[in-house]
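**Student:** What follows is a predicted structure for the sequence shown.
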Amino acid sequence: MNDLFASLRVCLATMLVCVVGYTAVVLGFAAVCAPDTASGSLLRAKDGTVVGSRLLAQAFTRPEYFWPRPSACDWNGAAAGGSNLSPCNPALAERAQQAIARFGASAANPLPADLATASGSGLDPHISAAAARFQVARVAAARNLPAAEVQAVVDRLAVAPGPFPTGERLVNVLELNLALERR
Amino acid sequence: MLANSPFAGSSLAVLVLVGCALLSWPLGRWLRAAMDPQTASGPLARCDAWFRRLGGGATAGEHGWRRYCVQLLVFNVVMFTVGVLLLALQPGLPLNPDGKGALEWSLVFHTGASFTTNTNLQHYSGEVAMSHGSQLWALMWQQFVSAATGLAALTALARGLAGRPLGNFFVDVQRATFLVLLPLSLLVACLLVLGGMPMTLDGAVQATTLEGAVQTIARGPVAAFVAIKQLGTNGGGFFGPNSTHPFENPSFATNVVTTMALIVLPMACVWLFGRIVGNRRHAVVLFAAMSVLLLAKLGVAMACESAPTPAFAGLPVAGDVGNLEGKELRFGPGAAPLWAVLTTCTSNGSVNCMHDSLNPLTGLVPMVGMWLNETFGGVGVGMINLFVYLVLAVFVAGMMVGRTPEYLSRRVEVHEVKLAVLAMFAHALCILGGTALFAATSWGIGTPNDPGAHGFSEILYEFTSAAANNGSGFEGLGDNTVPWNVATGLVMLLARFVPIVLPLAIAGALAGKRTTAASAGTLAVDTPTFGVMVLATIVFLGALTFLPAAALGPIAEHLQTVR
């Protein structure tokens, strides 16, 4: 009986400290130090409407936009997920063939692997610089711009993911498309 | 290029592993000071006085293994009950901005068992099924106290091996929660907030995309949750896809912090053990043996995962960057195999790539990690699992030289070895028995996401993960069914408490024996020879038990790709 009471008391104490106290402190820290990212890194249009999160991919299908990686969850920001297909599953080859057709890849101009694969979250906000380069001609044609100008925007926004110099640079697709809209 | 840059991939591994090994040493000192204070005055003694007042009468006195286990089990029953009640009452409780509904009964049981046992196997998707209230009150709270239970159990085990009473569980669990997990979580949560992770009690927000579609963006108090998820080797994600989700792991930097957070406490637990049993050189040998296993698994995983996705053979897809299915780009090359290895060496189970989509032999590595389940292992319990192997190793070594085996100056006899074999057997039975049952009956047939050998692997992985209290999965498996929820729920409970109670019983038995003076024939436990003996015991026992199952799953699948 004593053990039961002690358990209840310890449960209550840990709940108050580790749930209420701890969460409150971290919430307070976030509100003071990083209010924008703490509420989801939201990007807004000039009129204040939310156009998305800097951290999350969203669907792009029109030719004048850069397209993100395939998404197994259809870019659903409220139910994310990957394909969970075995890398040997023929379904992956079928999906890759669709991507190859959509992006217009060929043996002479193979599709960058990140555009053939779905990310784990289905919301990967980035594509590789190679995947952006692959799409520059289409985007430039749809916007009636010289390809060099579009490529320059890509180059300006491409960043290495970490401190190690050998990693390929990445581009945030939503930021890239916003930059094209606003130029 | 992206994944095929061995330099960038291995630099990340070196950064994380060397950093954590260095950090684990001072952390081990702090663990000893906090968990097993040796002074009767000062701030730590004052903390102890508070803990005794908070816990009431049952916190008085030090106990043997039986009473300690009773305290531990009663506390865990209460933890389970409170968690289940909070989950079952979800629709009526506060902090539910998105109006999440009721959860199905078998899912409530499964989730309650999962978070009580430090497993965090999830048959739901966090942002779909759970309110902020459930995430915080039930799940995050259990992430703290279940990890604290493991740390308390290890402290008690080590005390027993030092010939002392095992202690008082209610004091130990508070020490672990308030003095170890809470301050570390605060630090990591603040780092994650600075790294761009969401931390808000607001509900989902509607975005109108550039093309005019609506995207609903689920949010929540993610940073606080993720800190203890990683530190406590819990692994249960705030969002469905765990640490692949950009809100749960926004950048390269947060990936480094969370990778380190998942291994540093299990590493420090080795030093805690060495300090309490009073043989730090023994701890160094164990640390080195575990590191050898870790590096071997890491090498295999990194090599296998740099091969391109097998399904793309013959298609015009660039093959120079390895297999990117189920992976995020922002963590950089090598980050996925590193995490996959560490999360299954420890019993964490969080993921930063989809294990289901790992190349076949890479996918075998996490399973090996969970089958052995002692490469640093879960907070506290990993070292306890290793202790079981140690008992068997000294027994086998004793057989080889024809002497009664000893461990830390105490004789290991029939009773102790029986208990150790029973603990090993329970682990294997849960995995192989469960897999056999579900692979052969309608409970499991039809639930895998992939055909053939990989489908078998999904079933095998699920029971492995439940029995190792890991929580990762080949997540394509359709596992939110009543048979899966009940079966893996029961496996998690068995596989949590049997491997805690039996080793404590061994420690209790050893604590009651007279110490024998060291002689020329004594097996020294602080030499490289002993390290090799331990490694051999682990590898041979593991291989003998699990190789047949591995051959039916990942190895068969790999052979299909080699034509």
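**Tutor:** The structure has been received and is ready for your questions.
**Student:** A:G52 in helix, strand or coil?
**Tutor:** Put simply, A:G52 is strand when judged by DSSP: H, G, I helix; E, B strand; the rest coil.
**Student:** Equivalent analysis for B:G476, please.
**Tutor:** coil.
**Student:** doesn't B:T447 make contact with it?
**Tutor:** No - using Cβ atoms under 8 Å, B:G476 is not in contact with B:T447, being 9.5 Å away. (C-beta placed from N, C-alpha, C; glycine too.)
**Student:** Determine the residues that are contacts of both of these two.
**Tutor:** Listed as contacting both B:G476 and B:T447 by Cβ atoms under 8 Å, 6 or more residues apart in numbering or on different chains are B:E458.
**Student:** neighbour count winner among these two?
**Tutor:** B:G476 (25 against 20; other Cβ atoms under 10 Å in any protein chain shown).
**Student:** any idea how far B:P483 is from the more buried one?
**Tutor:** Going from B:G476 to B:P483 by Cβ to Cβ, to the nearest Å gives 17 Å.
**Student:** Equivalent analysis for B:V108, please.
**Tutor:** 16 Å.
**Student:** Between these two, which has more neighbouring residues?
**Tutor:** Taking neighbours as other Cβ under 10 Å, B:V108 and B:P483 compare with B:V108 leading, 23 against 16.
**Student:** if I pick the more buried one, what's in contact with it?
**Tutor:** B:84, B:87-88.
**Student:** Would you list the phi and psi of it?
**Tutor:** phi -60, psi -50 (degrees, to the nearest 10).
**Student:** Check the gap between it and B:L93 for me.
**Tutor:** Using Cβ to Cβ, B:V108 is found at 13 Å from B:L93.
**Student:** do A:C73 as well
**Tutor:** 28 Å.
**Student:** now swap in B:F170 and tell me
**Tutor:** B:F170 is 27 Å from B:L93, by Cβ to Cβ.
**Student:** near chain A, which residues of the stretch 451-563 of chain B?
**Tutor:** Residues of the stretch 451-563 of chain B lying close to chain A by Cβ under 8 Å from any Cβ of the partner chain are B:451, B:454, B:474-476, B:557, B:560-561.
**Student:** just to revisit the earlier point, and the contacts of B:V108, which is closest to chain A?
**Tutor:** Nearest to chain A, judged by Cβ to the nearest Cβ, of the contacts of B:V108 is B:V84 at 13.0 Å.
**Student:** What helix or strand is that closest one located in?
**Tutor:** B:V84 is part of helix B:65-88 when elements are defined by DSSP states H and E.
**Student:** Name the residues of that helix that come out as buried.
**Tutor:** Under the neighbour-count criterion of 16 or more other Cβ atoms under 10 Å in any protein chain shown, helix B:65-88 has B:65, B:67-69, B:71-76, B:78-80, B:82-84, B:86-88 buried.
**Student:** Any part of it near chain A?
**Tutor:** Yes - applying Cβ under 8 Å from any Cβ, one finds helix B:65-88 touching chain A at B:70-71, B:74-75, B:77-79, B:82.
**Student:** Redo those residues as CSV? Include pLDDT and distance to B:A261.
**Tutor:** Converted to CSV, the residues of helix B:65-88 next to chain A look like this (pLDDT from 0 to 100; distance: Cβ to Cβ, whole Å):
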residue, pLDDT, distance to B:A261
B:V70, 97, 32
B:Q71, 97, 29
B:V74, 98, 30
B:F75, 98, 25
B:V77, 98, 29
B:V78, 98, 28
B:M79, 97, 23
B:V82, 97, 26
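**Student:** can you redo those as TSV with distance to B:S251?
**Tutor:** Shown next, in TSV, are the residues of helix B:65-88 next to chain A (distance: Cβ to Cβ, whole Å):
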residue	distance to B:S251
B:V70	46
B:Q71	42
B:V74	43
B:F75	38
B:V77	41
B:V78	39
B:M79	34
B:V82	35
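**Student:** ok, these vs B:Q143, which is closest?
**Tutor:** B:M79 (11.0 Å; Cβ to Cβ).
**Student:** these two touch, right, the closest one and B:F144?
**Tutor:** No - distance between B:M79 and B:F144: 10.2 Å, which falls outside the contact criterion (Cβ under 8 Å).
**Student:** sorry, back to before: comparing B:F170 and B:L93, which shows the higher neighbour count?
**Tutor:** Neighbours were counted for B:F170 and for B:L93 using other Cβ under 10 Å; B:F170 has more, 28 against 18.
**Student:** nearest residue to the more buried one other than its sequence neighbours?
**Tutor:** Counting by Cβ to Cβ, 6 or more residues apart in numbering or on different chains, B:G55 is the residue found nearest to B:F170 once chain neighbours are left out, at 4.2 Å.
**Student:** check contacts around the one you found.
**Tutor:** A:6, A:9-10, B:170-171, B:174.
**Student:** Okay, now the unreliable bits of chain B?
**Tutor:** When residues are selected by pLDDT under 70, those of chain B lie in B:1-8, B:563.
**Student:** So the residue nearest to the spatial centre of it, which state does it fall into?
**Tutor:** Centroid-nearest residue in chain B, with Cα atoms, centre = their mean: B:S347, separated by 1.3 Å. For B:S347, the assignment made with three-state DSSP gives coil.
**Student:** List the contacts of it.
**Tutor:** B:118-119, B:233, B:235, B:370, B:373, B:377-378, B:381-382, B:468-471.
**Student:** Next one: the residue sitting nearest the centre point of chain A relative to chain B, how far apart?
**Tutor:** Centroid-nearest residue in chain A: A:P125, 1.7 Å away (criterion: Cα atoms, centre = their mean). Shown here: A:P125 relative to chain B, a distance of 6 Å by Cβ to the nearest Cβ, to the nearest Å.
**Student:** So what's the predicted local confidence for that residue?
**Tutor:** In this prediction, A:P125 carries a pLDDT score of 98.
**Student:** got the contact list for it?
**Tutor:** A:P125 sits in contact with A:54-57, A:68, A:172-174, B:246, B:330, where contact means Cβ under 8 Å, 6+ apart.
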